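Novice: Kindly generate the corresponding structure for this input.
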Amino acid sequence: MMNEIQILLVVLLSFTSVLSVALVVWNILLHRKALRATETLTSTFTSSAQVEDERFAYVSNHDALTGLPNRTMLFHKLEHLIASNSESNSMFNILYMDLENFTGINKTHGTQVADEVLQTISNRLRRCLGQGEPVFRLGGDEFIVVLENPRTERAYDVVCEAILKEVTGKITIGESVILPALCIGISEYPTDAMDTYSLVRNADIAMHSVMKAANWRYLRFDSLKVPIKTLEENSLESALINSIAYAELDIVLQPELELRSGRTLGGEVLARWNHRKFGNIPASKFIPIAEANGFIARIDSYVMHRSFQLVARIANEDWFKGLRLSINISPSQLLDNKDLVGEILTLIEKYNTPPQSIDFEFPELMLLQSDTVVQNILNPLVAAGITITLNEFGRSYASLAQLKRFPISKVKIDPVFMRELLTDDSSNQVLEALINMCVVLKIKVVGAGIETAEQLTTLTQLGCTVGQGYFISKPLSIMQFQRFVETSDSRSFINR
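Specialist: Residues are numbered from 1 along each chain as shown. Next comes the predicted model:
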């Protein structure tokens, strides 16, 4: 039999074992509780982040006052419709609506009443159109409705009549009584326009025609037969003057590549206008207007400042080392700015921009000036470290002797040669002679405006080694250009 001490030891050992097990179980329970708490916290954090992302996306794409999709959403919608309808040429309409005398409502009744009027109009449009046709607020008192699938050629008649009946009823806000009047302009894809900018612009033209008429409430652009010049003179010209103040102008970069290796050599700086109402307006539309009204000098100055700022910011980044940005000098800058060189050298100092990362593209007509004038422009720039490109090369202004006399590093072939490259043997022979002349002078030749593989092949056969154009790359944002540079070494366009 066990004595009392042995019994006591057995009891103590048993208790210790039970206590150890209990502690293990307790630790497991505590760990599980902590794990559940961590999972709950993580889930809550993730949900909060998702909610915040969704809230930001909503705020970015919707009008704060009315809750309607905004201008950004409108242009996404139109670009998607154009892309999806381009092959079938399926029809759709946009209805551009403006509230008449909204400025008078604002002045007479105050901004709070005016805001409530816009909210009421928005709610009436939603109620009238339901879920079928999206309505967008451009800003101010302007709205757009997109008729995606009109069942008949003039389906917009029915929709416009319904909108006018629903929207123009009396609005009572406190002691204020408002009788809203609405003007509607209509444009149709693809009959009236085939791009986003022109669709919105043409609907706007039609809407302003309604405002001037006594007996129309809505009108389609096609019935006006209005020349495009009307808007360009009366609207774009005045809007262009404010484009810099409204931060609507921006710059993009179109890459230049060494064709054999695919290595990016640099990019040409191009101006882009993102109008707050009409979206992206092509340079081919606004540059001629700017040149005609004298605003081109301000655009040139803006582009130059932005370019120097950009180069100063990215010059020391690994991806940009060895590259140059090419800045165009317009004919008006060349002829009218008597202190062009001084302005450029001042900008280098102001932004601390490395000049070896800058190239200036001068029009070939510069060579029509005296040698002294040309040298006074080019020599100080080259001495500072800037390189010089002669664009529109081949228009017959430049002679072999001039190319030898002036410090020109690169020439860009005139677009007329690109257009005739595959159809005119004599143009090819002239171009080949020009390229051979530049090779002898150790001047690089850029084939600009390359849009097809056939043009690229012919150019390389003629001896051109540098290329630029939509076949290689469209103009890119700064971030897109960086990604292009970082992957371009793997591309060879010679053997595409």
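Novice: Might you list the low-confidence residue ranges for the stretch 351-496 of the chain?
Specialist: 395-400, 422, 424, 488-496 (pLDDT under 70).
Novice: Would you state the helices of it in chain order?
Specialist: 371-384, 400-405, 415-420, 425-440, 453-462, 478-488 (DSSP state H, counting those that start in this stretch).
Novice: Indicate which one of the ones you listed is closest to N316.
Specialist: helix 478-488 (13.7 Å; CB to CB). For every residue, glycine as well, the C-beta is placed using N, CA and C.
Novice: how distant is that closest one from the center of its chain?
Specialist: Distance, stretch centre to chain centre, for helix 478-488: 16 Å (CA atoms, centre = their mean, to the nearest Å).
Novice: Remind me what it packs against, helices and strands.
Specialist: Contact here means 3 or more CB pairs under 8 Å, 6 or more residues apart in numbering; DSSP states H and E; on that basis helix 478-488 packs against strand 249-258, strand 264-275.
Novice: Next secondary structure element downstream of the helix or strand of the chain with the lowest mean pLDDT?
Specialist: Lowest on mean pLDDT, DSSP states H and E among the helices and strands of the chain sits helix 229-231, with a mean of 47. Sequence order places helix 237-241 as the next helix or strand after helix 229-231, per DSSP states H and E.
Novice: ok, residues contacting that following helix?
Specialist: W273, H275, K277, F286, I289, A290, N293, F295 (CB atoms under 8 Å, 6 or more residues apart in numbering).
Novice: could you pull out the strands for the stretch 1-150 of the chain?
Specialist: With DSSP state E, counting those that start in this stretch as the criterion, the stretch 1-150 of the chain has strands at 92-99, 135-139, 142-147.
Novice: Tell me which of the ones you listed sits nearest to V167.
Specialist: strand 92-99 (8.2 Å).
Novice: Give me the contacts around that closest one.
Specialist: So strand 92-99 is contacted by 78, 81, 85, 105, 117-118, 121, 141-150, 155-156, 159-160, 163, 180-189, 199-200, 203-204, 206-207, 211, 218 (CB under 8 Å, 6+ apart).
Novice: Now do stretch 339-355: distance to the chain's middle.
Specialist: For stretch 339-355, the distance to the chain centre is 27 Å (CA atoms, centre = their mean).
Novice: Give me the residues contacting that stretch.
Specialist: 304-305, 308-309, 311-312, 315, 329, 333-334, 337, 358, 360, 376-377, 380-381, 384-386.
Novice: Can you spell out the domain ranges of this structure, please?
Specialist: 71-226, 234-488 (automatic domain parsing).
Novice: Let's have those in JSON lines, adding distance to D63 and mean neighbour count.
Specialist: Shown next, in JSON lines, are the domains of the chain (distance: least, CB to CB, whole Å; neighbours: other CB atoms under 10 Å):
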{"stretch": "domain 71-226", "distance to D63": "4", "mean neighbour count": "17"}
{"stretch": "domain 234-488", "distance to D63": "13", "mean neighbour count": "17"}
